[in-house]
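J.: Need a 3D model of the sequence below.
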Amino acid sequence: MANKKARTLAGLVFLALLIFWSAFIFARSAKTAEESSEESAIIITLLAAIFNDEFENLTPEKKHEYIEGLQFFVRKFAHFAAYAMMGALGAASAHFFGLHKLSALVYAVIFAGSDEIHQYFVPGRSCELRDFFIDTAGALFGIMAVASLCALVKAAERYRHKKRIRRG
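T.: From the prediction side, this is the model:
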């Protein structure tokens, strides 16, 4: 009984994190194109300052060019990473509630589709099929990561169980 309660509690924790993460993604999508670009530029600037020794020596114009050149890739990676987290949280929730982990993919696909439609109505943003596919790929990646982790844990448990039987 205690094991079932622990699984339910873990499932509820992951479900709460999934709901929080979904709200976070929705809030990011509600930002105008200008606000979103500014956030991306801040992240690129921080990463450039850490990983590119020459960045601080660039003129303001060259810094702007540098940032503009990376905007597309950073934004697409953000889509992938955000939905990878969503997929992982969804798969973990599904695991602890005894559902198939691909139910997390159904959730992520529906959310990604509705999120792209939502962006259509945000000033300067658009509904992009490419982003939908990037989101879906990210979710699938997160789900596969959790499924792999679950399989490793299960294999380790079987190994420990067999080892106890041999000793016992």
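J.: what's the longest helix belonging to the chain packed up against?
T.: Longest helix in the chain by number of residues (criterion: DSSP state H): helix 129-167. Helices and strands touching helix 129-167, as assessed by 3 or more C-beta pairs under 8 Å, 6 or more residues apart in numbering; DSSP states H and E, comprise helix 60-96, helix 103-120. In this view, the C-beta of every residue, glycine as well, is placed from N, C-alpha and C.
J.: Tell me which of those helices sits nearest to residue 144.
T.: Nearest of those to residue 144, taken as C-beta to C-beta: helix 60-96 at 8.1 Å.
J.: Which positions in the closest one come out as buried?
T.: For helix 60-96, burial by neighbour count (16 or more other C-beta atoms under 10 Å) applies to 63, 66-67, 70, 75, 78-80, 82-96.
J.: How about stretch 124-139?
T.: 125, 131-132, 134-136, 138-139.
J.: got it, and stretch 112-123?
T.: Buried residues in stretch 112-123 (16+ other C-beta under 10 Å): 112, 115-116, 118-119, 122.
J.: now the chain, which segments are flagged as low pLDDT?
T.: The chain contains residues with pLDDT under 70 at 1-2, 168.
J.: follow-up on the earlier one: okay, the buried residues of stretch 124-139 in TSV with distance to residue 152 next?
T.: Shown next, in TSV, are the buried residues of stretch 124-139 (distance: C-beta to C-beta, whole Å):
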residue	distance to residue 152
125	40
131	32
132	31
134	27
135	26
136	25
138	21
139	21
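J.: Render the CA-only coordinates of the helix or strand that contains residue 47 in PDB, please.
T.: Per DSSP states H and E, residue 47 falls inside helix 33-51. Extracted C-alpha coordinates of helix 33-51, given in PDB (Å, rounded to 0.1, in the frame of the first residue of the first chain):
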ATOM      1  CA  ALA A  33       7.500  39.200 -31.300                       C
ATOM      2  CA  GLU A  34       9.500  42.200 -30.000                       C
ATOM      3  CA  GLU A  35       9.400  41.000 -26.400                       C
ATOM      4  CA  SER A  36      10.400  37.500 -27.500                       C
ATOM      5  CA  SER A  37      13.300  38.700 -29.600                       C
ATOM      6  CA  GLU A  38      14.500  40.800 -26.700                       C
ATOM      7  CA  GLU A  39      14.500  37.800 -24.400                       C
ATOM      8  CA  SER A  40      16.400  35.700 -27.000                       C
ATOM      9  CA  ALA A  41      18.900  38.500 -27.400                       C
ATOM     10  CA  ILE A  42      19.600  38.600 -23.700                       C
ATOM     11  CA  ILE A  43      20.200  34.900 -23.600                       C
ATOM     12  CA  ILE A  44      22.500  35.000 -26.700                       C
ATOM     13  CA  THR A  45      24.400  37.900 -25.100                       C
ATOM     14  CA  LEU A  46      24.900  36.000 -21.900                       C
ATOM     15  CA  LEU A  47      26.000  32.900 -23.700                       C
ATOM     16  CA  ALA A  48      28.300  34.800 -26.000                       C
ATOM     17  CA  ALA A  49      29.900  36.600 -23.100                       C
ATOM     18  CA  ILE A  50      30.600  33.100 -21.500                       C
ATOM     19  CA  PHE A  51      31.700  31.100 -24.500                       C
END
